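Peer 1: pasting the structure only:
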């Protein structure tokens, strides 16, 4: 095999791939918050901790082929009536998606992107809680495929409901 040289000639421009493209451009923390409003008194509280998890995902199209996906987790822990802590993490990623059908883009944004972001959220939440003086906490895996399927089902129900309402509403007075 021999190496080819251009000897000063212009290097041909690389063509964009003709097939589907999915790329992770950047992963970053968008927002982090940890509060322990009742410490140090809460460390002496007896009782079983009550944990409430809130999960939220948002997608913003930045240009034709670039999307920002933000996975936000809020974990609230109460002992008795007192808040022990509130940990919030908004983990974001920039994802390149090109040469894909709109349905495929929707599926990737709703399943693969949050799956990629979740380990970062999981680690950061665990570190925040432990740094706050509380026992280690490990977020359990989340089935984003099932969450996406439920979202699609709800969208379809909503669209069907809107279609039914439009069919029943009388036309305006002429």
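Peer 2: In hand now; what should we look at? None of these values were measured; they are calculated from a predicted model.
Peer 1: from here on, contacts and neighbour counts on C-alpha atoms
Peer 2: Will do.
Peer 1: Neighbouring strands of the helix or strand that contains residue 30 in the sheet, and parallel or not?
Peer 2: Using DSSP states H and E, residue 30 sits in strand 21-35. If you go by DSSP bridges, strand 21-35 pairs up with strand 82-98 (antiparallel).
Peer 1: Now do the buried residues in the strand it pairs with.
Peer 2: When burial is assessed from 16 or more other Cα atoms under 10 Å, strand 82-98 yields the following buried residues: 83-98.
Peer 1: Tell me where the protein has helices.
Peer 2: 102-107, 113-131, 144-168 (DSSP state H).
Peer 1: Tell me which of these lies nearest to residue 47.
Peer 2: Closest approach to residue 47 among the helices of the chain (Cα to Cα): helix 113-131, 18.1 Å.
Peer 1: got a list of contacts for the closest one?
Peer 2: 27, 34, 57, 69-73, 85, 87-93, 95, 135-139, 144 (Cα atoms under 8 Å, 6 or more residues apart in numbering).
Peer 1: about what we covered before: so which of the helices of the chain is the most packed in?
Peer 2: Burial of the helices of the chain is given as mean neighbour count (mean count of other Cα atoms under 10 Å); helix 113-131 ranks first at a mean of 19.
Peer 1: what about that one, distance to the chain center?
Peer 2: Computed by Cα atoms, centre = their mean, to the nearest Å, the chain-centroid distance of helix 113-131 equals 11 Å.
Peer 1: Stretch 78-88 now?
Peer 2: Using Cα atoms, centre = their mean, the offset of stretch 78-88 from its chain centre is 24 Å.
Peer 1: Return the set of residues that bridge with the residue most central in space within the chain.
Peer 2: Closest residue to the average C-alpha location of the chain: residue 71 at 2.6 Å, with Cα atoms, centre = their mean. Partner residues in beta bridges with residue 71, using DSSP bridges, are residue 57, residue 91.
Peer 1: show me the contacts for it.
Peer 2: Per Cα under 8 Å, 6+ apart, neighbours of residue 71: 55, 56, 57, 58, 90, 91, 92, 114, 117, 118, 121.
Peer 1: what's the spacing between the last one and residue 114?
Peer 2: The span separating residue 121 from residue 114 equals 10 Å under the rule Cα to Cα, to the nearest Å.
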